[in-house]
Every structure is written in C-alpha cells, then in structure tokens.
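In: Quick check, what structure comes out for this input:
(chains A and B)
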Amino acid sequence: MNAEEQNGTPAGSLITRLLRDLPIRVKFMLVSMAAMVAVLAAASAILIAHEWVQSRAALARHAETLATVVGNNCTAALTFMDPDVASETLGALQHEPAVLHAAVFDRNQHLFAAFTRKGSEPPPTPEPPTRKDRRFHGNTLSLATEILLDGQPIGHIFVLLSTQSVNDVLSRYLATMLVVLAAALASGILLTWHLQMLVVAPLIGLADTARKVAREQDYSVRMQCEGHDEVSRLVDAFNTMLDRIAARDAKLQQNARLLEEYQERLRKLAAELVVVEERERRRLATDLHDSVCQTLAVAKLRLLELRSRMPDGSAGEELDKACGLVNEATLEARTLIGQLSPKLLYDVGIEAAMENLAEQFHTRFGIEVAVHDDGRPKPVGDDLRALLFRSAQEFLVNAVKHGKATRADVFLRRTGDRVELTVMDNGSGFAAPQAEAPCSGTQGFGLFSIRERVKHVGGVLTVDSEPGEGTEILLSVPFIEDVDGSRAR
Amino acid sequence: MCSNARRMGLVAAAALLAARALTGDEPSAARRPEPASEADIKVAFLLNFARFVKWPAQATRKDDPIVVGVADLEPLRGPLSQLEKSTVLGRPFRVRHCRGTNDVAGCHILLINIAEEAARKAMLDSVRNKPVLTVGEAEEFLADGGIIRFVLRGDRVRLQISRPAATAAGLELSARLLEVAEKVVNER
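Out: Numbers count the residues shown, from 1 in each chain, chains lettered A, B, ... in the order given. You can find the predicted model right below:
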C-alpha cells in the first residue's frame, strides 16, 4: 500500500510528500501548530459568533430600554397633546450615537413627534406600528413598542438604530482574538519546541544510534530509555535486535575466520602439493635419465659393437633396426624427461628454460613466442622458479588453446625485491572476471590455481583482457626461500 | 421642529385622543373623527391630571372614586358625562357640581371655571392647604393660590402650574406633568 492510498486523498498525499523529508522535530512542531491553530481558530470562531449574537441581543435590549424610557417620558406629552415636549424628549436621543431615527405615534397611529440624527438620511416615514416588533435589516435594527400609561397603551414609539456598534465590537473582538491567537501560537511554538524533546528525544537518539551502528558496524552500543510507552518498547526491540545482530555477527566473524584459516591451509596444502608434484616430476625425470636412458645407452653401445662384428646381411640389417629402435626409445625418454622436469630450469636458470619453452611452443603449435629478459640476476629458489616456469607454460597454453594466439611476448623483469613475469598475446582475449573462477579440468594448472599459489607466496596476479583485445597477465612474486629453505641460484 | 400645519394636525389628533380617552371608542376607518372641542380637551385634561398627581394617603383610599368638582357645570356637561364613564387605575370618576364653598368637601379635583373673582377666590380659600387639585382659567388663578391653570394658546390648551400651591395642598405632581407645563411657578 503506497502513501497516497494510506492517506486516501490527494491533499493527504501532498501533505505526506511535504512532510516526508522534514526532521521529526519539525514534523512534530508543524503537526502541533496545525492542531493548535485549528483549535484556536475554532474557539475564536465560536467566541466571535457568541459575541456577535450577544452584541446583537445587547443592542436589542438597549433599544428596548431606550424605547421604553423615551416612551415613558413621552406619556405626559401624549396625554396632554404636546408634541413639542415629545420632540424635545426624542431630541435627547442625539446623545445616543446608535439611534438614527425615532418616532412617536399616538394611539390613533398618527405621527406625533419624530427625531432624525443630524447628518443621517431621514428614513422614509415608517409605517405606524400596530404591535411590538423588533427586526434587524442589514446594518440597522428597528424596534417598535407600545407606550403605556397606567397599563394602558396610549401610543407607540419606533426606534431605528445602527448596528455599527456591533460591528465595531466585533472588529475589536476579532483584533483581540488575532492578538491572542498570535500570542498563543508564539507561546505554543516556544513550549512545543522545548517540550517536544520529551517525546522526540528518544526517537532522535534511536535514529542516531541506528546510524552509528550502520556506519561503524558497532553492535555493542545500546539505547537507554525509561518508561513503558511505545518509544520505550521500540528502544527495547531495537536493543534486542542489536543483541541478535551482535551474536550473529560474532558467529559470522568466527566462521569467516575459520573459513580463512581453512582457505589458508588449503592454499598451503595446494602449494605444497604443487611443490611435491614438481619435485616428484624432477625425481622421475632424474630416475629416467639415470636408469632408463643409461640402460638404453649401454644397450645401444652393445648393439653397435655386435654390429661391427657381423658381416652385412640380414642379421646385420636386423641389428641396425634394433639400434634404430633404441635411438627412438632414448629420444622419447629424453622428451619425456624434458616434459616431466625441464633440465634447463634447474641446471641453467629460468631465462634459458623460458627460451627453450618458447622454441617448444613454436615447434609444437607454430606460435611465435619472444622472450624478453632484463638481464638482471633473479635470485629465486627452485620452487619459485618452477612456479614462474609453470605459470608461463600455462599462460602460453591458454593463449594457444583458448585465445588462438599467433604471437606472444614473455617478459622477465626484476623490480626491487620482486620478480615479475608478464605474458602478452594477440589472442581473442576474454572477459576478465572469467579468470577469477576456478579453472576447468581441461585447463590443467589453471589461472585459479596459479592465483592461489601466488597468493600463498605473497605475490599478486593481475589479468587484463577484453574480448578481441588479447590478454596481458602480470605475475609478481617476492624473493622467498623455498619450502625446504634453499635459496635460488 | 414641526411646522404650523403639522402642529395643527397633531393638535387635532391629540384632541381626538383626548375625546377617545373619555369615550373609550376605538378608531374606525368608516367613521371619520370629529375635531375635539375645547371643552372636550379640558375634561380630558382633568382625567389625565388624575394620572400625574398623587394625593396624600389620608385624603383618598385606593378604591374610592375620584371626585371632580366643577363650579360651572354647564359648558362641560357633555364631556363630563363621559368622564364619569372613565376610570384611572381602576378608580371611577364622580362629577360634582360645586355651586359654593359648601360643596367642595371631598373633592379631589376642583375646576373653578367661574369668572367672578370674589367667588373664585372664596372657593380657592375654602380648599387652601387641603389635598384638592385646583384647576382654573383666570389669569390671576395661580397668584390667588390655584395649582393648575388652563391657558388657551391658539387652538391649543396649555398648562401653567404652581408648585408651591401643590406642595401646600400636599399633592405630588409628576415631573412629566411639570414637563408639559408651559410655565411652572416655583415660588409663591
């Protein structure tokens, strides 16, 4: 359910949008002010309406009193038929600013005397009143009442008053109410601004605490709140949530540490496995060289000696064939030895082994591989040397198999106490994130395995490749002692 | 404030009012009112005096009729007959013909409408300092000790009042009565 549906009306939605981003203190203030203004406005409207009704009623009573008093004062004039006296009596109404017009009628409803305020428009001669009557017309009040003498009607008096006094009272009242409203609002703002902290402070504290927890990942902080209201329950729930998050975070961190430990152990085991594998390859190569190759060499010497004693003929030809087979076996054994453990790598050095590797790839796959060595000594041990060689071998295999490259450049450089191996090819390249994933079985050593091995020895591996843009792989490792403590040559 | 023509109309209306006060008739659209005579007005005034004058308690009782003594009954006979049909505060009027001083006892209002000075003074003397409202027309009436004098101004009947005489008689005159008086004498 969205905000508009919750508020129900477009106005409610507008108010929600306007209030949405304001601080809670301002929201609280605005809501309080709105309620205060509404209440004060309603109270003012009621009071003004009450005052209006009361003022009109008071004016009507005043008019009635005036009419009665003046009528009583005219009884003698009416009785003794002296309209001059009645006019003089009515003339006293000049001191009543509200009276615009007054008239006395005798009991035969003939006009006996009349008064019109100076400066006022004389009203049309009123209809002779026949009964008591009181009514408001616009800004005037007209009143007619009987003049009694000894309880007997002897005439009527008609009075026309201006209601301007009522309007003046209402204007003054309205001005007073506006002043009161402004004063109440000002007081309300001051009081609300200070008193609202009783309500808002825990919420602000809660928000600050939540922000601090999110920013610093510190789940040990707790909110303190007294009381049993909704805010206190919210604070309690927040603290409980922090307890649970802290417990889960601790467990998560413990698991992360365990995982890291497992990964490190796995990485170490993998590195040791590679070293062991490399050493086993080297031992097998040595054994092949020292036993099989030596035996084949001896066998060939015997066959050659035997051939020298035999005349040419079918037996001699057979011996020649046997010598040829021994030569092939010797060649295959040497190839196998080279594949198992390149002799140049350990006997001559990484640079020579790289040159030989380049020739092998050119021979086997037709790729042009150029080796660029900076000529500086690179004191790496056997294990690190094997890592660099096997890595270069893997990079070139990938360039041929996956990148279909036709040219590659291998750079060997020494930078400070680090050795850098860079292999660049002109192959099809690939999306770099693929290099992060563990390699499939077809990729053999695989970038993933190399990365783990490099990481284990404190090195870094960066792959820069885009589809169609070739690949550049940089491997940087520090000089370190081999697993068995031997130093490089 | 009022023009002469208007004043005439008002006087005519007032006279009619006075006549009605005596007769109790209500105005009728079908019957046009006739102008009131001077006699009618004077008799109406006698009736109205009863409304604005307060007699001492020992001189009258609440339900007693108001006795109006008239020295010369003849000019007022018609209106006076109507007066006897009227009441003020529930008190009826009784008209007495006072030919001489022997007839004035018990009167509340005494209209001394005789021209002979000696008889007039004698009648005034007979009620001097007594709770009798004396009404006359003679020019020296107030000077002779009378309380209210009718004065004819054009076609209007106006009043002159002597407060010392009223005080001496123990009568309380309403301020409203004094207000309509053309002249109020405050010193003897």
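
In: what about the strands in chain A?
Out: Taking DSSP state E, the strands of chain A run over residues A:99-106, A:111-116, A:133-137, A:140-149, A:152-162, A:368-373, A:407-415, A:418-425, A:460-465, A:471-478.

In: What separation is there between the residue nearest to the spatial centre of chain B and residue A:171?
Out: When C-alpha atoms, centre = their mean is applied to chain B, the residue found nearest the centroid is residue B:46 (2.8 Å). Distance, residue B:46 to residue A:171, using C-beta to C-beta, to the nearest Å: 55 Å. Heads up, the C-betas are built off the backbone N, CA and C, glycines and all.

In: cool, residue A:206 as well?
Out: For residue A:206 relative to residue A:171 (C-beta to C-beta), the value is 50 Å.

In: Residue ranges in the stretch 1-150 of chain A under the pLDDT threshold?
Out: The stretch 1-150 of chain A contains residues with pLDDT under 70 at A:1-8, A:122-126.

In: Kindly report the residues of it close to chain B.
Out: For the stretch 1-150 of chain A, the residues in contact with chain B (C-beta under 8 Å from any C-beta of the partner chain) are A:72-73, A:75-85, A:87, A:89, A:91, A:106-110, A:112-114, A:149-150.

In: Checking my notes, residue B:63 in a strand, right?
Out: No: secondary structure of residue B:63 (DSSP: H, G, I helix; E, B strand; the rest coil): coil, not part of a strand.

In: nearest residue to it other than its sequence neighbours?
Out: residue B:91 (6.8 Å; C-beta to C-beta, 6 or more residues apart in numbering or on different chains).

In: On the pLDDT front, check that neighbour for me.
Out: For residue B:91, the pLDDT comes out at 90.

In: who touches it in this structure?
Out: Shown in contact with residue B:91 (C-beta atoms under 8 Å, 6 or more residues apart in numbering or on different chains): B:50, B:62-66.

In: let's see it at 7 Å
Out: Applying C-beta atoms under 7 Å, 6 or more residues apart in numbering or on different chains to residue B:91 gives the contacts B:63-66.

In: Redo the residues you listed as TSV? Include neighbour count.
Out: Below are those laid out as TSV (neighbours: other C-beta atoms under 10 Å in any protein chain shown):
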residue	neighbour count
B:63	9
B:64	14
B:65	15
B:66	25
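
In: Would you mind checking which of the residues you listed the model is least sure about?
Out: For the contacts of residue B:91, the least confident entry is residue B:63, with 80.

In: hang on, the earlier thing: could you provide the strands of chain A in JSON lines, with additional columns for mean neighbour count?
Out: Output for the strands of chain A, formatted as JSON lines (neighbours: other C-beta under 10 Å):
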{"stretch": "strand A:99-106", "mean neighbour count": "25"}
{"stretch": "strand A:111-116", "mean neighbour count": "23"}
{"stretch": "strand A:133-137", "mean neighbour count": "12"}
{"stretch": "strand A:140-149", "mean neighbour count": "20"}
{"stretch": "strand A:152-162", "mean neighbour count": "22"}
{"stretch": "strand A:368-373", "mean neighbour count": "16"}
{"stretch": "strand A:407-415", "mean neighbour count": "17"}
{"stretch": "strand A:418-425", "mean neighbour count": "21"}
{"stretch": "strand A:460-465", "mean neighbour count": "16"}
{"stretch": "strand A:471-478", "mean neighbour count": "19"}
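
In: Now distance to residue A:43 too, for these, in CSV please.
Out: Converted to CSV, the strands of chain A look like this (distance: least, C-beta to C-beta, whole Å):
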stretch, distance to residue A:43
strand A:99-106, 34
strand A:111-116, 42
strand A:133-137, 26
strand A:140-149, 28
strand A:152-162, 29
strand A:368-373, 93
strand A:407-415, 85
strand A:418-425, 84
strand A:460-465, 76
strand A:471-478, 81
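
In: now the helices: where do they sit in the stretch 351-489 of chain A?
Out: A:382-401, A:447-456 (DSSP state H, counting those that start in this stretch).

In: got a list of what the residue nearest to the centre of chain B touches?
Out: With C-beta under 7 Å, 6+ apart, residue B:46 has these contacts: B:68, B:83, B:109, B:111, B:135.

In: So it versus chain A, what's the distance?
Out: 11 Å (C-beta to the nearest C-beta, to the nearest Å).

In: Which secondary structure state is assigned to that residue?
Out: Applying three-state DSSP: residue B:46 is helix.

In: and it, what pLDDT?
Out: For residue B:46, pLDDT reads 92.

In: ok, residue A:342 touching residue A:355?
Out: No: contact criterion C-beta atoms under 7 Å: residue A:342 and residue A:355 do not qualify, at 10.9 Å.

In: So those two - more neighbours on which side?
Out: residue A:342 (24 against 17; other C-beta atoms under 10 Å in any protein chain shown).

In: Leaving out sequence neighbours, find the closest residue to the more buried one.
Out: Leaving aside its sequence neighbours, residue A:342 sits nearest to residue A:353 (C-beta to C-beta, 6+ apart; 5.1 Å).

In: I'd say the one you found and residue A:343 touch.
Out: No: using C-beta under 7 Å, residue A:353 and residue A:343 do not qualify as a contacting pair, with a distance of 8.7 Å.
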